[in-house]
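[1] sequence and predicted structure are below.
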Amino acid sequence: MNEQLPFHDSVRDRLLQASTATIATQLFRLGLRNTFLNGLLPVNPGHCRFAGEAATLRFIPMREDLDTLETIHDPDYPQRKAIESARPGTVFVIDSRGDTRAGTVGNILLTRLRVRGAVGLVTDGAVRDAPEIAVQPFPVFAAARSAAISLSVHHAVDFDVPIACAGVAVFPGDILAGDEEGVVVIPRHLAPAIAAPAAEQEALERFLLAKIEAGAPLPGTYPPNEQTLAEYAAWRRSLPSPGST
């Protein structure tokens, strides 16, 4: 069951310090193995990093008697209603069943999400207007690009419900984090537990990478033995404290 605990700024900030690979490792330590959304790539590589709460939308296959151009004039159509009710700080996650034959969102809808304060969009389908989306200051991850209108393949049925995206379960309110590598899903109640260890792992791995680049062998360095960990602790103590000059 997904506990709706607060998602504090301090947790978000620590997650933003860590890569999705590091976060996935921390989740693996807790026994979660299916958390990374494989196959989704950034549409706008200059704007990839985010952390936010999942707001979900679910598509099923289209049906000709339901999905006509008049559909998008209905403000209660779930796709339109979900976007118009998007909350600040959320990541819009679309279950497209992995079907990339048509776009699930275009630049105008995405712009509306951004203006409403969403922090990213993730779909295991395709996006339309990719050239325009690519220059938006807004993280977007998708499986493909397609000029075809969503109604030619997809029918939106509901939002803010549990979905599957790229083979991973996403519950409303789960925490998603993204970077240049992709997107990882964090069960909401686990976000506070992994945020600090993820930020610490990131700092440790920067230290270990510097040692490897300087010629240190893998044994005793990666993973670190007690001596290397002692060197890391001394290195951390030598760093200026936050806010110092």
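    Arrived safely.

[2] CA atoms for contacts and neighbours, from now on please.
    Noted.

[3] show me the contacts for Met62.
    Residues near Met62 by CA atoms under 8 Å, 6 or more residues apart in numbering: 151-155.

[4] tally of neighbours for Thr25?
    17 (other CA atoms under 10 Å).

[5] now the helices: where do they sit in this structure?
    Counting by DSSP state H, one finds helices in the chain at the ranges 9-16, 20-29, 78-84, 107-115, 130-133, 191-213, 226-238.

[6] could you dump these to a markdown table with mean pLDDT?
    Compiled in a markdown table, those are given as follows (pLDDT from 0 to 100):
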| stretch | mean pLDDT |
| --- | --- |
| helix 9-16 | 95 |
| helix 20-29 | 97 |
| helix 78-84 | 96 |
| helix 107-115 | 97 |
| helix 130-133 | 97 |
| helix 191-213 | 95 |
| helix 226-238 | 94 |
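
[7] export these to CSV and tack on distance to Pro61?
    Formatted as CSV, the helices of the chain follow (distance: least, CA to CA, whole Å):
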stretch, distance to Pro61
helix 9-16, 35
helix 20-29, 31
helix 78-84, 14
helix 107-115, 20
helix 130-133, 22
helix 191-213, 33
helix 226-238, 53
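
[8] which of those sits closest to Glu64?
    helix 78-84 (17.2 Å; CA to CA).

[9] what comes up buried for that closest one?
    Across helix 78-84, burial judged by 16 or more other CA atoms under 10 Å covers 78-80, 82-83.

[10] who's in contact with stretch 110-119?
    Residues contacting stretch 110-119 (CA under 8 Å, 6+ apart): 50-52, 83-84, 86-92, 120-121, 133, 138-139.

[11] CA atoms of stretch 229-245 as PDB?
    Extracted in PDB, the C-alpha atoms of stretch 229-245 (Å, rounded to 0.1, in the frame of the first residue of the first chain):
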ATOM      1  CA  LEU A 229      36.800   4.200   3.600                       C
ATOM      2  CA  ALA A 230      39.100   5.800   6.200                       C
ATOM      3  CA  GLU A 231      40.700   7.900   3.400                       C
ATOM      4  CA  TYR A 232      37.300   8.900   2.200                       C
ATOM      5  CA  ALA A 233      36.200  10.000   5.700                       C
ATOM      6  CA  ALA A 234      39.300  12.100   6.000                       C
ATOM      7  CA  TRP A 235      38.700  13.600   2.500                       C
ATOM      8  CA  ARG A 236      35.100  14.400   3.500                       C
ATOM      9  CA  ARG A 237      36.300  16.200   6.700                       C
ATOM     10  CA  SER A 238      38.700  18.300   4.600                       C
ATOM     11  CA  LEU A 239      35.900  19.700   2.500                       C
ATOM     12  CA  PRO A 240      34.500  23.100   3.400                       C
ATOM     13  CA  SER A 241      31.200  23.000   5.100                       C
ATOM     14  CA  PRO A 242      28.100  24.200   3.200                       C
ATOM     15  CA  GLY A 243      27.800  27.900   3.300                       C
ATOM     16  CA  SER A 244      31.400  28.500   4.300                       C
ATOM     17  CA  THR A 245      33.700  30.700   2.300                       C
END
